[in-house]
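In: A predicted structure for the sequence below; I have some questions about it.
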Amino acid sequence: MADGLIVTQTPHALVATLNRPRALNALTEATFHQLRQAIDQTGARTFVLQGSGKCFCAGGDIIQLAKRPETCSTFFPAEFALQRYLSQQKFFSVVLMKGATIGGGAGLSIPCRARVALESTLWAFPETVIGFVPTVGANYMFARLRSKAVGLYLALTGDQANGADCYSLGIATHYIKEEQQSALIKALSESSNPSETLSRFHQQPDFSLCQVLKHEGEIEACFSNISSIKELLSRLQALSSPWAVQTLSTLNFVCPLALKVALRQFHLCSSLSYLDCLDAELPILLQMTTGQNVNFLAGVHHRIISKNSSRPKWSPSVLAEVTEAAVAQCLVERSRTIGRL
């Protein structure tokens, strides 16, 4: 047992449990090193990843990053390196996406071969709400969902996909009832055939419970083939349904610079492989958290630390003031910055 991570092993599986339940299992740089050590111990067994308490993982420990922004330059490369390393393993990997599976937590789920959704799953990348953009492989996943328009909707609004949404969209490969999680972990720990075990536990979700996909028609109408945020806002204004009004309000609330950068990044990464997507995302993330980081700091301090529900003081404050030069500065290419753990 290590601070932040519990590892249990059987002849057939290694189970790694994120263990910071009071912090919603928020990831730290130390956790990345611990997970790397767990991965190295797995061998040919099944690697199972879960979270303690009520959720899988609510993302990176952005409160600490905002308090010490200079640490972003090592934290994020370590995070990306871990995901790269996990994606290159030959063992069968399973992640249990219980409860909040958000930001870095959602990113950590992406390279796993089996992604299991539950009734409580809330999968999201709400980065635009706190001043930066979805990364850690998010854009690879967004572009490969059953609906690419829904992927863009999730990228820009930060809305949460529940368990039924996740399975229907292809975010999750399997779906189980909440009370089955412990039994599934036990079965995986005792089985040499994780694929068969997962198939045995899988149940079709009740698709009437979908929260995002109940608006799929409207999302397709507004978010398909979008070339600019201005065009998107115009489509929402023209639709004028209650969903469109709410979505328009959300987009007017989030960081204007982040919106424009997120749209460009979405298109940039849509045809890339997973590893190439990580290579493209990391420089953008570093630029928005260590270089041009005024919005990241404002968003985290206002929304997360102060728990203020009002709109942060974004810079620029409105979409019309976001210049092409500002967007280009966030998208500037750098040499390969993926670190090695």
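Out: Structure's in. What do you need?

In: residue 262 contacts residue 128, correct?
Out: Yes - Residue 262 lies in contact with residue 128 (C-beta atoms under 8 Å); the separation is 5.8 Å. Using the backbone N, CA and C atoms, a C-beta is placed for each residue, glycine as well.

In: which one of those two is surrounded by more residues?
Out: residue 262 (29 against 26; other C-beta atoms under 10 Å).

In: nearest spatial neighbour of the more buried one, skipping sequence neighbours?
Out: Nearest residue to residue 262, sequence neighbours excluded (C-beta to C-beta, 6 or more residues apart in numbering): residue 133, at 4.4 Å.

In: quick one: secondary structure of the one you found?
Out: Secondary structure for residue 133, judged by DSSP: H, G, I helix; E, B strand; the rest coil, is coil.

In: hang on, isn't it packed against residue 286?
Out: No - Residue 133 lies out of contact with residue 286 (C-beta under 8 Å); the separation is 11.5 Å.

In: more crowded one of these two?
Out: Relative neighbour count places residue 133 above the other of residue 133 and residue 286, with 30 against 20, counting by other C-beta under 10 Å.

In: what sits against the more buried one?
Out: Each residue near residue 133 by C-beta atoms under 8 Å, 6 or more residues apart in numbering is listed here: 127, 155, 258, 261, 262, 265, 284, 285, 288.

In: residue 272 versus residue 82, what's the distance?
Out: 19 Å (C-beta to C-beta, to the nearest Å).

In: of those two, who's got more company?
Out: residue 82 (26 against 16).

In: can you tell me how far the more buried one is from residue 47?
Out: 13 Å.

In: same question for residue 84.
Out: 15 Å.

In: swap in residue 213?
Out: To residue 47, residue 213 is 30 Å away according to C-beta to C-beta.

In: again, but for residue 121
Out: 20 Å.

In: over to residue 54?
Out: Applying C-beta to C-beta, the value for residue 54 to residue 47 is 23 Å.

In: who's more crowded, those two?
Out: The neighbour count for residue 54 versus residue 47, taken as other C-beta under 10 Å, is higher for residue 47 (25 against 12).

In: so what's the residue count around the closest residue to the more buried one other than its chain neighbours?
Out: In space, and not counting its chain neighbours, residue 47 is closest to residue 93: 4.5 Å by C-beta to C-beta, 6+ apart. With neighbours defined by other C-beta under 10 Å, the count for residue 93 comes to 21.
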